[in-house]
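Asks: Quick one, structure for this:
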Amino acid sequence: MAQSCKAPLGEGFLSSVGYLLWMAAAAIALFAASTRQIQGSVLNRQFAFCGGGFSLWLCLDDMFLVHDRYLGQLFLYITYAFFTGMLLFRFRGPLRRFGGDTFLVSVVLLGLSVLTDELQWLWPNSYETVQIFEEGFKFLGIAAWLSFWCHYVSSASRPASLEQH
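Replies: The predicted structure follows:
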């Protein structure tokens, strides 16, 4: 794309790194769940499957701009909010036991990215300035998301006697 459009070096870099981070979160969670590396109740493994699947979908959306081009932002944002709420409600036990604070930070940052995008007309700043905030919230949210799944898989993969409370 950069070659075809003669874009400057580095344009789209954060976006590319962002979807690689989504992909890493998906791979970590799905691999750990599918290899039965996750210890404890079946709910712990289901959480990794759901979180990994959601991460994979977010990666594909980010890579191919599904929310912008195909299904519409409002539909996907509502779907994402619903799925996130379901993860928070259905898997509140594993979240509490395995560092759900980072998960919540991620959700807040990603939510701020969506709000910034949807309400950018309210800010008197230039489009470029608003984009910096939107992309910044998004990138930090994705990094927190990956951090959570790394921590979750690491913590939930330990035998019960080694789990941190």
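
Asks: Tell me the helix or strand right after the helix or strand of the chain with the lowest mean pLDDT.
Replies: Ranked by mean pLDDT, DSSP states H and E, the helix or strand of the chain with the weakest confidence is helix 2-5, at a mean of 68. For helix 2-5, the following helix or strand on the C-terminal side (DSSP states H and E) is helix 13-34.

Asks: gap between whichever helix or strand comes after that following helix and the chain center?
Replies: Counting by DSSP H and E, the next helix or strand C-terminal to helix 13-34 is helix 42-64. Chain-centre distance of helix 42-64: 8 Å, with Cα atoms, centre = their mean, to the nearest Å.

Asks: list the buried ones in helix 42-64?
Replies: 44-45, 47-48, 50-52, 54-59, 61-62 (16 or more other Cβ atoms under 10 Å). Every C-beta, even on glycine, is put in place using the N, C-alpha and C of the backbone.

Asks: Ok, stretch 13-33 next?
Replies: Those would be 18-19, 21-26, 28-30, 32-33, for stretch 13-33 by 16+ other Cβ under 10 Å.

Asks: Would you format those residues as CSV with distance to residue 88 and pLDDT included?
Replies: Below are the buried residues of stretch 13-33 laid out as CSV (distance: Cβ to Cβ, whole Å; pLDDT from 0 to 100):
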residue, distance to residue 88, pLDDT
18, 22, 94
19, 23, 93
21, 21, 97
22, 19, 97
23, 23, 98
24, 22, 98
25, 17, 98
26, 19, 98
28, 20, 98
29, 16, 97
30, 20, 98
32, 20, 97
33, 18, 96
